[in-house]
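Novice: sequence? don't have it. structure:
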């Protein structure tokens, strides 16, 4: 009889432990990289396919962004899953703790709302460059006939304090800019001692964010833009509700793809030497992911 009581007690304790245990996605943050057909279509409108006069890949130019993140995760043995547009809107996003949006320019309203809700509920988001600035709805007033995502208090860009109506590019000042690291902590900690004069070499265009005090105080680095005197955050951390968002106003992943000729099945060499140009950028990308996975 005593043995039966002990067994019953152990069974009750086990049942209580299982009922109190949080969901898997709450205990272990897993990584998702979005491969968006909506953004692939956007790239097809903006980039010509590879030819003697073009070093772009047409719609597949988009792969040069998310494949760069895939390379960094693979080489650092960080597990990840490639997901698609439908996974955002059908609830599958709740199975992940970190979402990477790699210059994912065009998303539907439903996707943006789902991602914003997920972030505010505790998700971790890593977004780069032009993520979330175009809708999938037709607008004949736009050159690419795709509606701009709304600014102000809606749209993903509001998560990093960047209303669309204020957005403009560093290309207005220079074709290529670099990043000056202002704080070696969190996502930039691994760059300590790796840079000359705190400059992270990049050499391409970036977004100039809205000038807000929180954008400056929460930045780990700033763009070096000739003839532009205002602070231009390059690496920005925000905390919407229970979530955490790390936004890069540039695309380090692009240089990774160029250096390692990604995607490998769609080679379109441009004649430049890319060897070694993404070394420090890959450190930043790795540590950004690890930072979000552990915070």
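Specialist: The structure has been received and is ready for your questions. What you are looking at is a predicted structure, and each value in this text was computed from that prediction instead of being measured.
Novice: contacts, neighbours, all on C-alpha from now
Specialist: Fine.
Novice: if I pick residue 191, what's in contact with it?
Specialist: Shown in contact with residue 191 (Cα atoms under 8 Å, 6 or more residues apart in numbering): 184, 280, 283, 284.
Novice: What of residue 180?
Specialist: Listed by Cα under 8 Å, 6+ apart, the contact partners of residue 180 are 198, 199, 200, 221, 222, 223, 224.
Novice: same question, residue 68
Specialist: 253, 254, 255, 256, 257, 262.
Novice: What about those residues, which are in helices?
Specialist: 253, 254, 255, 256, 257 (DSSP state H).
Novice: When you filter those down to buried only, what's left?
Specialist: The neighbour-count test (16 or more other Cα atoms under 10 Å) marks 253, 254, 255, 256, 257 as buried among the ones in helices among the contacts of residue 68.
Novice: one step back: just the closest of the contacts of residue 180 to residue 45, please.
Specialist: Nearest to residue 45 out of these is residue 223 (Cα to Cα; 28.1 Å).
Novice: phi, psi of the closest one?
Specialist: Dihedral angles of residue 223 (phi, psi; degrees, to the nearest 10) stand at phi -70, psi 140.
Novice: and it, what does it touch?
Specialist: Residue 223 sits in contact with 177, 178, 179, 180, 206, 231, 232, 233, 234, where contact means Cα under 8 Å, 6+ apart.
Novice: taking these one by one, which sit in strands?
Specialist: 177, 178, 179, 180, 233, 234 (DSSP state E).
Novice: And the last one, how close does it get to residue 101?
Specialist: Noted for residue 234: a distance of 16 Å to residue 101, by Cα to Cα, to the nearest Å.
Novice: now do the fifth one
Specialist: In this structure, residue 233 and residue 101 are 18 Å apart, going by Cα to Cα.
Novice: Isn't residue 159 up against residue 237?
Specialist: No - counting by Cα atoms under 8 Å, residue 159 does not reach residue 237; the two are 9.7 Å apart.
Novice: Quick check: neighbours shared by these two?
Specialist: residue 245.
Novice: picking up where we left off before, so which of the contacts of residue 191 comes closest to residue 76?
Specialist: Distances from residue 76 to these, taken by Cα to Cα, are shortest for residue 283, at 10.0 Å.
Novice: Spit out the contact partners of residue 234.
Specialist: 179, 219, 220, 221, 222, 223, 247, 248, 249, 250.
Novice: got those as TSV, with pLDDT, distance to residue 82 and secondary structure columns?
Specialist: Converted to TSV, the contacts of residue 234 look like this (pLDDT from 0 to 100; distance: Cα to Cα, whole Å; DSSP: H, G, I helix; E, B strand; the rest coil):
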residue	pLDDT	distance to residue 82	secondary structure
179	98	29	strand
219	95	29	strand
220	97	28	strand
221	97	29	strand
222	95	30	strand
223	95	30	strand
247	96	20	strand
248	96	20	strand
249	93	23	coil
250	96	22	coil
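Novice: Dump the contacts of residue 180 into a markdown table; add distance to residue 190 as well.
Specialist: What follows is the contacts of residue 180, written out as a markdown table (distance: Cα to Cα, whole Å):
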| residue | distance to residue 190 |
| --- | --- |
| 198 | 12 |
| 199 | 14 |
| 200 | 12 |
| 221 | 14 |
| 222 | 17 |
| 223 | 19 |
| 224 | 20 |
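Novice: Nearest to residue 48, out of those residues: which one, please.
Specialist: residue 223 (28.5 Å).
Novice: any idea how far residue 174 is from that closest one?
Specialist: Residue 223 is 11 Å from residue 174, by Cα to Cα.
Novice: my read: residue 184 touches residue 195, true?
Specialist: No - using Cα under 8 Å as the test, residue 184 is too far from residue 195 to be in contact (11.1 Å).
Novice: Backbone dihedrals for residue 232, please?
Specialist: Note on residue 232: its backbone torsions stand at phi -120, psi 90 [degrees, to the nearest 10].
Novice: Could you double-check that it lies in contact with residue 220?
Specialist: No - using Cα under 8 Å, residue 232 is not in contact with residue 220, being 11.0 Å away.
Novice: returning to that earlier point: tell me the two of the contacts of residue 191 that are most distant?
Specialist: Comparing every pair within these by Cα to Cα identifies 184 and 280 as the most remote, at 13.2 Å.
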